[in-house]
Each structure stands twice: as structure tokens, then as C-alpha cells.
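> Need a 3D model of the sequence below.
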Amino acid sequence: MPRKSVRKEFLQVLEDTAFAVARLRHENIVAYADMDNSSSSPSNSSMDTSSGSMSPMLISPPSPVSPCWPEDWSDSSFGTDSSFETASSVERADERYVCFLGAIEALHDEVTKARILERPSEPPMRASQLHLLAHFADHRPHLFRKKLRVDPVIFDDILDQISDHPIFQYQSNNKQLPIAIQLAIFLN
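Sure, this is the predicted structure:
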């Protein structure tokens with residue numbers, strides 16, 4: 001079974017995280033709605049909420065702090081900031097979820113648009129690939145196999161068997177390419 005690419009794995013993790021955050025956002029809103037309903041109803045006012053089962057789950061900012069999470073956004077600063085004084089606790093918590101979901105979506109877009117997710121340990125060589133066959137055979141056999149569809153050892157065996165053939169001993173004013181390159185062109 002083929003292995004998933006790093007890009008697909010990372011996108012799947014982001015999608016799973018976005019789904020989990022959206023679910024927590026929904027549960028948080030439902031929990032706040034239940035708390036509001038129980039506190040406004042006189043028959044439910046005797047219900048014990050000290051167990052913490054009714055307390056909503058708030059998320060903290062991701063680490064490191066992203067641009068939509070100012071460092072002064074803490075629960076204590078909501079009451080002192082004039083822009084949040086009129087906002088209900090549900091709206092404040094929901095704003096955090098929306099911001100976090102936006103950050104996940106932005107990261108998802110960046111991964112989708114990125115051409116390279118990680119730097120290779122060795123920079124790719126920039127040259128005609130026929131001249132790289134010796135390098136591929138010694139250092140990157142998987143690229144040699146991908147290019148010629150044979151292992152380097154098999155290539156050498158074929159080369160040894162055909163090198164003495166008279167077709168490659170043609171004496172003319174027109175020079176032939178080396179036999180290894182002719183074989184590589186044929187296999188490519």
C-alpha cells in the first residue's frame with residue numbers, strides 16, 4: 001500500500017483539528033445556553049452547578065501566539081477592556097473559537113499552496129539527467145531506478161554484455177555517444 005505524503009498527512013491533521021475545535025465550539029455554546037436556561041428558570045435554580053459539569057470549556061491561545069491572539073487576551077483582561085465590556089461570555093468565548101478556526105484555515109491554505117514542505121538534506125543537482133546517472137547510481141539508487149527502471153547493478157551487467165558488440169565498434173568520422181549513455185537513452 002502506498003505511503004501517504006507528508007502534505008496529505010499534515011492536511012488531514014489540520015482538518016481533524018478544525019473539526020475538533022468546531023465541535024468544542026458547539027459544545028461550549030450549548031453549555032452556555034444550558035447555564036443561561038437553568039439560571040433564568042426558577043425551578044432549576046436549586047440545581048447544584050459546583051461540580052463543574054456545567055462549566056464551559058474555554059480554549060487557550062495556541063503556542064506560539066498567533067497574530068489573532070494578542071498577548072493581553074486573558075480572562076482577566078476581558079472585563080477591563082472597553083471593547084469587551086458589552087460582550088457576553090458566550091460571545092467572548094465564541095470569538096476565540098472563530099479566531100482559532102481562522103488560524104487553522106490559514107495554515108491549511110498555506111500548506112495547500114506550498115510547493116516544498118521541508119528542505120531536502122542535499123540540494124537537488126541541476127544538470128542534464130544523463131550526466132547525473134553516475135551520481136544517482138552511487139548516492140541515490142532510487143532516482144536511478146526511477147529514471148531507467150532498472151537497478152544500477154543490472155544496468156552495469158547489461159552494459160558489460162553489450163559493450164563488446166560490433167555495432168558499438170563502428171569506425172566512422174561520426175563519433176558515437178558512450179555506450180552507457182546510449183543504453184540509458186534506450187532504457188529511458
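> okay, CA-based contacts and neighbour counts for the rest of this
Will do.
> Buried by neighbour count: which residues of stretch 97-115 qualify?
97, 99-101, 103-104, 108, 111 (16 or more other CA atoms under 10 Å).
> can you check stretch 155-164 too?
For stretch 155-164, using 16+ other CA under 10 Å, the buried residues are 155, 159.
> Alpha carbons of that stretch, as PDB, please.
Taking Å, rounded to 0.1, in the frame of the first residue of the first chain, the C-alpha atoms of stretch 155-164 are listed here in PDB:
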ATOM      1  CA  PHE A 155      22.400  -1.600 -15.700                       C
ATOM      2  CA  ASP A 156      26.200  -2.400 -15.300                       C
ATOM      3  CA  ASP A 157      25.500  -6.100 -16.100                       C
ATOM      4  CA  ILE A 158      23.700  -5.200 -19.300                       C
ATOM      5  CA  LEU A 159      26.400  -2.700 -20.200                       C
ATOM      6  CA  ASP A 160      29.100  -5.400 -19.800                       C
ATOM      7  CA  GLN A 161      27.200  -7.800 -22.000                       C
ATOM      8  CA  ILE A 162      26.600  -5.300 -24.900                       C
ATOM      9  CA  SER A 163      29.900  -3.400 -24.800                       C
ATOM     10  CA  ASP A 164      31.800  -5.900 -27.000                       C
END
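> closest to Asp36 among the buried residues of stretch 97-115?
Each of these was scored against Asp36 by CA to CA, and Tyr97 proved nearest at 19.7 Å.
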